[in-house]
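Participant: the amino acid sequence is not available; the structure is as follows:
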């Protein structure tokens, strides 16, 4: 008898992460799309009659373990993930005495900035 793994049964789903990052062993990603501008107009009774969504933002939070010899980027640097070029806004790094150094990047892609 022969078997091939991995094997998936039932409904098909997207598995794991979308991409890799060269300086981290990526362990999680969190991707969000939302407008930076959300303006509502209410009528006299308080019901919303108009809603304008504008200035689309894509945000990414990427976390992983720092590879040996790799440099941690700085806020203001750029990173490409899942074919989107983001501006790094926040970098945090944490280490413990019995584990590897973890790095988390918070990034944003503005609608009007290439």
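Facilitator: Arrived safely. Remember, it's a predicted structure, so these values are computed and weren't measured experimentally.

Participant: show the contacting residues for residue 71.
Facilitator: residue 23 (C-beta atoms under 8 Å, 6 or more residues apart in numbering). Where you see a C-beta, it was placed from the backbone N, CA and C, and this is true even at glycine.

Participant: pLDDT value on it, please?
Facilitator: Residue 71 is assigned 94 on the pLDDT scale.

Participant: so what strands line up beside the host helix or strand of residue 106?
Facilitator: Per DSSP states H and E, residue 106 falls inside strand 102-110. When pairing is defined by DSSP bridges, strand 102-110 lines up against strand 48-66 (antiparallel), strand 84-94 (antiparallel).

Participant: what's stretch 38-55 in contact with?
Facilitator: Contact with stretch 38-55 is made by 35-37, 110-112, as judged by C-beta under 8 Å, 6+ apart.

Participant: average pLDDT for it?
Facilitator: For stretch 38-55, mean pLDDT rounds to 95.

Participant: just the endpoints, please. Distance across that stretch?
Facilitator: Stretch 38-55 has an end-to-end distance of 9 Å (C-alpha to C-alpha, to the nearest Å).

Participant: returning to that earlier point: next one: the strand holding residue 106 to chain centre, how far?
Facilitator: A distance of 7 Å separates the centroid of the chain from that of strand 102-110, by C-alpha atoms, centre = their mean, to the nearest Å.

Participant: same check, this time on stretch 73-84
Facilitator: The answer for stretch 73-84 is 10 Å, by C-alpha atoms, centre = their mean.

Participant: in that stretch, what's buried?
Facilitator: Using 16 or more other C-beta atoms under 10 Å as the test for burial, stretch 73-84 gives 73, 79, 81.

Participant: with residue 92 as the reference, measure out to residue 107.
Facilitator: Look at residue 107 and residue 92: by C-beta to C-beta, to the nearest Å, they are 12 Å apart.

Participant: next: residue 16.
Facilitator: Taken as C-beta to C-beta, the spacing of residue 16 relative to residue 92 amounts to 23 Å.

Participant: still on that earlier bit, in helices only, show me the buried residues of stretch 73-84.
Facilitator: Residues of the buried residues of stretch 73-84 located in helices (DSSP state H): none.
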